[in-house]
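> generate a structure from the sequence data that follows.
(one chain, ligands or ions: 2)
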Amino acid sequence: MAEPVLKVDNLSKSYRLGSQEIRALDDVSVTVEGGQLVAIMGASGSGKSTLLHLAGGLDTPDTGTVCVEGQNLASMSDRKRTLFRRRRIGIIFQTFNLLPTLSAWENVAVPLLVDGTSGAAMRELVADIMRLVHLENRAHHRPQAMSGGEQQRVAIARALLNDPALVLADEPTGNLDSINAAEIWQLLRRLTREMGKTVLMVTHEALAASYADRVYVLKDGRVIGTIEQGEPGHAALVAARYAELAG
Ligand SMILES: Nc1ncnc2c1ncn2[C@@H]1O[C@H](COP(=O)(O)OP(=O)(O)OP(=O)(O)O)[C@@H](O)[C@H]1O
Ligand SMILES: [Mg+2]
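Residues are numbered from 1 along each chain as shown. Ligands and ions are numbered 1, 2, ... in the order given. Below is the predicted model of the structure:
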């Protein structure tokens, strides 16, 4: 069997706030196979964002390992890890993090400008990605002239531009209404089905999690179970199993 795109083993992370120690993650293991959409579901404060940040190499664990495409992030120098992250990992946040003075097209192209890609190659790549997220008619709009769903699709396009192995999404629909949210979940699913992308998405919503192939349930920094899933849009199934697990 092929190597998983993401393998997180026995991850623990504590934060110290004054004299108090908060164990944000406690011995968490998660595996995401290539071409899967996997969700991390849990209540506020359960450690979801902490896990995503560690998986993306944005922070380092106290103990445990994170391997992306078989490469241990901890064994890389800071410089190599930064480069690896830029090339192999795309990250999407709840707040779209677009640059307000740039157009949709320019926002998407930012990573290529950093990498020094040539003009013609860049235009073609960006045009392809804009079509993929159905934004070809919004190229010249600035973020403030787009809906929340469109802005998030710009952020997704930007995250996909370098053809990353792993896409990480932290509550990507937290700021969207239900119709725009469903479009984003379908898009993330389409990326796995049609492009073979691998996606790890954090959410507290059963409906969002229903789009995933597998759901890891987090509670108080621990994985308390998984839900194998296959009925996008059917929140009730996930919600019932989640309630059973989380009590
Ligand atoms: N930088 C930090 N310093 C101290 N404590 C932190 C820090 N970041 C997170 N925590 C704590 O770690 C725990 C897990 O936080 P995390 O942000 O991972 O939760 P979450 O599941 O993403 O929650 P939410 O759904 O509200 O985003 C929480 O108790 C939080 O208060
Ligand atoms: Mg969070």
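> of all the residues in the host helix or strand of residue 108, which ones are buried?
Assigned by DSSP states H and E, residue 108 belongs to helix 104-115. Using 16 or more other Cβ atoms under 10 Å as the test for burial, helix 104-115 gives 104, 105, 106, 107, 108, 109, 111, 112. Backbone N, C-alpha and C define where each C-beta goes, glycine included.
> measure the second one to residue 117 for me?
Here the criterion is Cβ to Cβ, to the nearest Å. By it, residue 105 lies 14 Å from residue 117.
> could you do the fourth one as well?
Here residue 107 is placed at a distance of 16 Å from residue 117 (Cβ to Cβ).
> the first one now?
When distance is defined by Cβ to Cβ, residue 104 is 18 Å away from residue 117.
> then residue 19?
Residue 19 sits 50 Å away from residue 117, going by Cβ to Cβ.
> with residue 192 instead?
26 Å.
> cool, residue 191 as well?
21 Å.
> higher neighbour count, these two?
residue 191 (22 against 17; other Cβ atoms under 10 Å).
> just to revisit the earlier point, check the buried residues of helix 104-115 against ligand 1 and report the nearest one.
The closest of these to ligand 1 turns out to be residue 107 (Cβ to the nearest ligand atom; 24.3 Å).
> how about exporting the lowest-mean-pLDDT helix or strand in the chain as PDB, limited to the C-alpha atoms?
Scoring the helices and strands of the chain by mean pLDDT, DSSP states H and E places helix 104-115 at the bottom, with a mean of 87. Taking Å, rounded to 0.1, in the frame of the first residue of the first chain, the C-alpha atoms of helix 104-115 are listed here in PDB:
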ATOM      1  CA  ALA A 104      -8.500  37.900  -7.000                       C
ATOM      2  CA  TRP A 105      -6.000  37.000  -9.700                       C
ATOM      3  CA  GLU A 106      -3.200  38.800  -8.000                       C
ATOM      4  CA  ASN A 107      -4.000  37.200  -4.600                       C
ATOM      5  CA  VAL A 108      -3.900  33.700  -6.200                       C
ATOM      6  CA  ALA A 109      -0.600  34.500  -8.000                       C
ATOM      7  CA  VAL A 110       1.300  35.700  -4.900                       C
ATOM      8  CA  PRO A 111       3.000  32.400  -4.200                       C
ATOM      9  CA  LEU A 112       4.300  32.200  -7.800                       C
ATOM     10  CA  LEU A 113       5.700  35.800  -7.500                       C
ATOM     11  CA  VAL A 114       7.700  34.600  -4.400                       C
ATOM     12  CA  ASP A 115       9.000  31.600  -6.300                       C
END
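> before we move on, what SS does residue 162 have?
Three-state call for residue 162 (DSSP: H, G, I helix; E, B strand; the rest coil): coil.
> can you give me the distance of it to residue 115?
8 Å.
> before we move on, what about residue 4?
27 Å.
> just the strands in the protein please.
With DSSP state E, the ranges of strands along the chain come out as 6-17, 20-32, 37-42, 63-68, 71-72, 89-92, 166-170, 198-203, 214-219, 222-228.
> output the contacting helices and strands for the second one.
Yep, that's strand 20-32 we're talking about. Applying 3 or more Cβ pairs under 8 Å, 6 or more residues apart in numbering; DSSP states H and E, one finds that strand 20-32 makes contact with strand 6-17, strand 37-42, helix 48-55, strand 63-68, strand 198-203, strand 222-228.
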